[in-house]
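Trainee: Would you be able to build a 3D model of this:
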Amino acid sequence: MGKNIKGFLTSLFIVALCFSLTACAGNTGNNEDEVTGTFSSTDLEGNKVTEKIFGEKDVTILNVWGTYCGPCKKEMPELAKLEEELPDNVQIIGIVLDVLEGDAEMTELAREICEDTNVSYTNIVVNDSMYEMLSGIEAIPTTFILNREGKTICEPIVGADVDAYKNAVMEYLE
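Mentor: Below you'll find the predicted structure:
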């Protein structure tokens, strides 16, 4: 597939995803029924990842970002540092919103960004099984704080605010 067609299809997918997610806006983050849903995708290293990843720790900071997003990339070194400071029962997971599963070129770009920003936590690429989990996203970066069951424990945090992520986690753990 030509580079231009591939880029167009990727852009079309992202626009469709954004429109479908906007219809779910108004997410308060406090409804006990709100969960990440089931999904199966891969991380930037090609390893299979499912919703079970959220059950590995008591709390997950789920940061949704994009390779084209300046504020996303700017906060990544802070997230890498935060990861080192967090208690053992807390993890950071990233979702790269503009990297579609199977797109080797964009996956490599995201890997380079992670390497350049010292990010070592898992970053998941997007596929169509992730619509439910990504509902409510209106802008990136958007960060969700999730419990072991994958339920939101506070309002989503829109914008790069690592201190807010840390405060939400620590408040929940108290």
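
Trainee: State whether V49 is indeed within a helix.
Mentor: No. V49: not assigned to a helix; according to DSSP: H, G, I helix; E, B strand; the rest coil it is strand.

Trainee: Look at it and say how many residues are nearby.
Mentor: V49 sits with 18 neighbouring residues when counted by other Cβ atoms under 10 Å. C-beta here means a position set from N, CA and C on the backbone, and glycine is covered the same way.

Trainee: ranges for the strands of the protein?
Mentor: Listed in chain order, the strands found in the chain under DSSP state E are 40-42, 48-50, 59-65, 90-100, 123-126, 142-147, 157-158.

Trainee: wait, C154 sits on A168?
Mentor: Yes. Counting by Cβ atoms under 8 Å, C154 touches A168, with 4.9 Å between them.

Trainee: what touches both of the two?
Mentor: Listed as contacting both C154 and A168 by Cβ atoms under 8 Å, 6 or more residues apart in numbering are I145.

Trainee: To what extent is E132 buried, counted in neighbours?
Mentor: There are 15 residues near E132, going by other Cβ under 10 Å.

Trainee: Report the separation between the closest residue to it other than its chain neighbours and S135.
Mentor: In this structure, E132 finds its nearest non-sequential neighbour in G37, 3.3 Å apart by Cβ to Cβ, 6 or more residues apart in numbering. Distance, G37 to S135, by Cβ to Cβ, to the nearest Å: 8 Å.

Trainee: Compare the two and say which is more crowded by neighbours.
Mentor: S135 (17 against 14).

Trainee: got a list of what the nearest residue to I145 once chain neighbours are set aside touches?
Mentor: Spatial nearest neighbour of I145, excluding adjacent residues (Cβ to Cβ, 6+ apart): A168 at 4.7 Å. Listed by Cβ under 8 Å, 6+ apart, the contact partners of A168 are I145, I153, C154, I157.

Trainee: quick one: pLDDT of A168?
Mentor: Predicted confidence (pLDDT) at A168: the value is 96.

Trainee: mind listing the helices for the protein?
Mentor: Ranges of helices in the chain, per DSSP state H, are 3-22, 70-85, 104-116, 162-173.

Trainee: so where's this structure shaky on pLDDT?
Mentor: 1-35 (pLDDT under 70).
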